[in-house]
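Trainee: From the sequence below, what's the structure:
(one chain, ligands or ions: 1)
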Amino acid sequence: MSTVNQVVDRQAEPLCQPTPHDIGEQRGPRPEPCLMVIFGATGDLTARKLVPAISKLAQLDQLPDEFAVLGCSRGRRSDEEFRDYFREAVAEFGDKTALDDPKFRRLAGRLFYEPADVSVLDEMHRLARRIEQLHKDYPLGNNVLFYLATPPQQFLPIIRGIGEVGLTNRPRASARGSGWARIIVEKPFGTDLASAHELNEALRSVFGEANSFRIDHYLGKETVQNVMVMRFANSIFELMWNREHIEHVQITVAESIGVEGRGKFFEQTGLLRDVAQNHLMQLLTLVAMEPPAVGTPDGTRDEKIKVLRSLRPLTVEDVVAGQYAAGEIDGKPVPGYREEPDVAANSQTETFLAVRAFIDNWRWAGVPFYLRCGKRLPRKLTEIAVQFQHPPVNLFRSLDCPVHPANRLIIRIQPDEGIALEFGAKAPGPRLCIEPVSMDFRYRGTFGQPLADAYQRLLLDVMIGNSSLFLRYDAVESAWAYFQPVLDAWKAGQKRLALYRAGTWGPNPPASGASESSWRDE
Ligand code: BG6
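Mentor: Below is the predicted model:
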């Protein structure tokens, strides 16, 4: 039992805020030596995400003591040309200061390149020989980390090719390493339920589930991980985290950018497959899941699956698909989607998707979850807004001031990362007027340093074999199963695409859909 003294002591404690130095010192275990083989080494994802993450890890001295990268794609290039390409990508998308850092220069000497057409077995054999040679030349612990950063259609041939040339059952480890072969598979993982299942089967037979890492970079974001911390490391939120107190939840992944030269990829993908099936669903499961069993390595992934399986089957009526037309972003004119390079003039690809979801379990029955994602919306904004119920009785209803809105908890995933709790307060003055105010936690102000990029964290996790922030086979399939009825209906000609002007918040809500404020609220 707490005593008065204990209470007094607690009050006397200084507020302990971690300093940037404390955080900067945080380190996990150093990963074992390894060779990272990147398929799609000269593509968009490698340049924008992987190169900046790898070079930053080098700068922070967080890579394994012995580490090398073997880039692989179709085009002919020498090792030296690949090194130049890598440096240019750091300069364009990463932290330029890395280029002068001796730790980066050491890494640059360990960058290699091998051209290969992955659909040609002979070329996969040549790649395998190069991998063997690099292991002879450098003490890489006999460990290989494959990264599939190619267009999704190539995932299956690459996984099968790796299996056929025996790259996963190379001679077991030397004294320096444990001789593992792991694979990171980018998203979208498949194009529908059947293709995701086929990919899972291939992974299971070539790598096994323990060595298969299905990446969703949202799970590597600090603020996404903080959703669980907020809910389960504090007692105040969880008491109200249910249908008794929550009216609805909105999850938004808005971007002001268009397709950024990725028209070809986007035409085959669309926003349902690019963002909704993965990033949005992951955010949803984190908000809605039950607390995981303590000490169970797979506890979180088990709970997420239960949420996905409790989703009420989706119909086309619960979905609004849109496509941006020409408009303005930040006062500058931008073209419509159909005018983007590599996009068909009559394209039916969605660049906006809104979904009204229900989770039919005891905690959430009857609570709508409004999920939306879109390109060319007014600004970049990823957030979770939890709207609480109004108080049961409005004591202030006779006042002539406007009724204040119900409480909202806003979890800002990005930008301006943080959490705000909105509530009503009496505005100073003779009349009893209630104004909405906010208690605001901001990552930047509190912790004083920029947040690490998601790819940095996730790459290190794979190197140490920690799969907790990666998707399990069943989660990917359940998320596809949820969207499959809509994909089927669209394929059967039931896709209704609403155009919206670039720079607006997307098409209007459906007549029977959420209230205007639910769809429009920022
Ligand atoms: C990627 C999508 O997974 O996520 C892109 O393929 C999208 O289309 C990107 O732009 C958004 O990521 P972030 O981290 O900028 O929110």
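
Trainee: measure the closest residue to the ligand within the stretch 51-200 of the chain to residue 342 for me?
Mentor: Here the residue of the stretch 51-200 of the chain nearest the ligand is residue 187; by Cβ to the nearest ligand atom that distance is 6.1 Å. Where C-beta positions appear, they are placed from N, C-alpha and C, glycine not excepted. Residue 187 is 20 Å from residue 342, where distance means Cβ to Cβ, to the nearest Å.

Trainee: For these two, indicate the residue with more neighbours.
Mentor: Between residue 187 and residue 342, residue 187 has the larger neighbour count (other Cβ atoms under 10 Å), namely 20 against 12.

Trainee: show me the contacts for the more buried one.
Mentor: Contact partners of residue 187, counting by Cβ atoms under 8 Å, 6 or more residues apart in numbering, are 152, 214-216, 278.

Trainee: Run a quick neighbour tally on the residue in the stretch 401-522 of the chain that the ligand sits nearest to.
Mentor: Per Cβ to the nearest ligand atom, residue 414 is where the stretch 401-522 of the chain lies closest to the ligand, at 6.3 Å. Neighbours of residue 414 under the rule other Cβ under 10 Å: 17.

Trainee: Skipping adjacent residues, who's closest to the closest residue to the ligand within the stretch 151-300 of the chain in space?
Mentor: Using Cβ to the nearest ligand atom, the closest approach of the stretch 151-300 of the chain to the ligand is made by residue 274 at 4.7 Å. Nearest non-adjacent residue to residue 274, counting by Cβ to Cβ, 6 or more residues apart in numbering: residue 188, 6.4 Å away.

Trainee: neighbours around that neighbour, how many?
Mentor: Neighbours around residue 188, by other Cβ under 10 Å: 23.

Trainee: can you check residue 94 too?
Mentor: 25.

Trainee: Kindly report the same for residue 479.
Mentor: Neighbour number of residue 479 under other Cβ under 10 Å is 27.

Trainee: Can you tell me the closest non-neighbouring residue to the residue in the stretch 1-150 of the chain that the ligand sits nearest to?
Mentor: Closest to the ligand within the stretch 1-150 of the chain is residue 45: 8.3 Å, counting by Cβ to the nearest ligand atom. Distances taken as Cβ to Cβ, 6+ apart place residue 149 nearest to residue 45, at 4.5 Å, with adjacent residues excluded.

Trainee: mind listing what the one you found touches?
Mentor: 38-41, 43, 45-46, 50, 186.

Trainee: Could you identify the most distant pair in those residues?
Mentor: Maximum pairwise distance among the contacts of residue 149 (Cβ to Cβ): 13.0 Å, between 41 and 186.

Trainee: Poorly predicted segments of the stretch 251-400 of the chain, please.
Mentor: Residues of the stretch 251-400 of the chain meeting the criterion pLDDT under 70: 398-400.

Trainee: What residues does it have near the ligand?
Mentor: 255, 274-275, 382 (Cβ under 6 Å from any ligand atom).

Trainee: Same list (those) but as a markdown table, adding neighbour count.
Mentor: Listed next are these as a markdown table, based on neighbours: other Cβ atoms under 10 Å:
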| residue | neighbour count |
| --- | --- |
| 255 | 18 |
| 274 | 23 |
| 275 | 23 |
| 382 | 23 |
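
Trainee: show me what contacts residue 296?
Mentor: Here residue 296 is in contact with residue 302 (Cβ under 8 Å, 6+ apart).

Trainee: A helix includes it, no?
Mentor: No. Counting by DSSP: H, G, I helix; E, B strand; the rest coil, residue 296 falls outside a helix, being coil.

Trainee: residues contacting residue 111?
Mentor: 68-69, 71, 79, 82-83, 86.

Trainee: Repeat that for residue 408.
Mentor: 385-388, 421-422.

Trainee: my read: residue 487 touches residue 190, true?
Mentor: No. Counting by Cβ atoms under 8 Å, residue 487 sits too far from residue 190 to count as a contact (11.1 Å).

Trainee: that older thread, who has more neighbours, residue 41 and residue 186?
Mentor: Taking neighbours as other Cβ under 10 Å, residue 41 and residue 186 compare with residue 41 leading, 29 against 21.

Trainee: Max pairwise distance over the contacts of residue 187: which two?
Mentor: 152 and 216 (13.7 Å).

Trainee: who has more neighbours, those two?
Mentor: Between residue 152 and residue 216, residue 216 has the larger neighbour count (other Cβ under 10 Å), namely 24 against 20.

Trainee: Residue 68 against residue 35, yeah?
Mentor: Yes. Using Cβ under 8 Å, residue 68 is in contact with residue 35, at 5.1 Å.

Trainee: For the two, indicate the residue with more neighbours.
Mentor: Shown here are residue 68 and residue 35; by other Cβ under 10 Å, residue 35 has more neighbours (23 against 20).

Trainee: Doesn't that one lie inside a strand?
Mentor: Yes. Per three-state DSSP, residue 35 lies within a strand segment.
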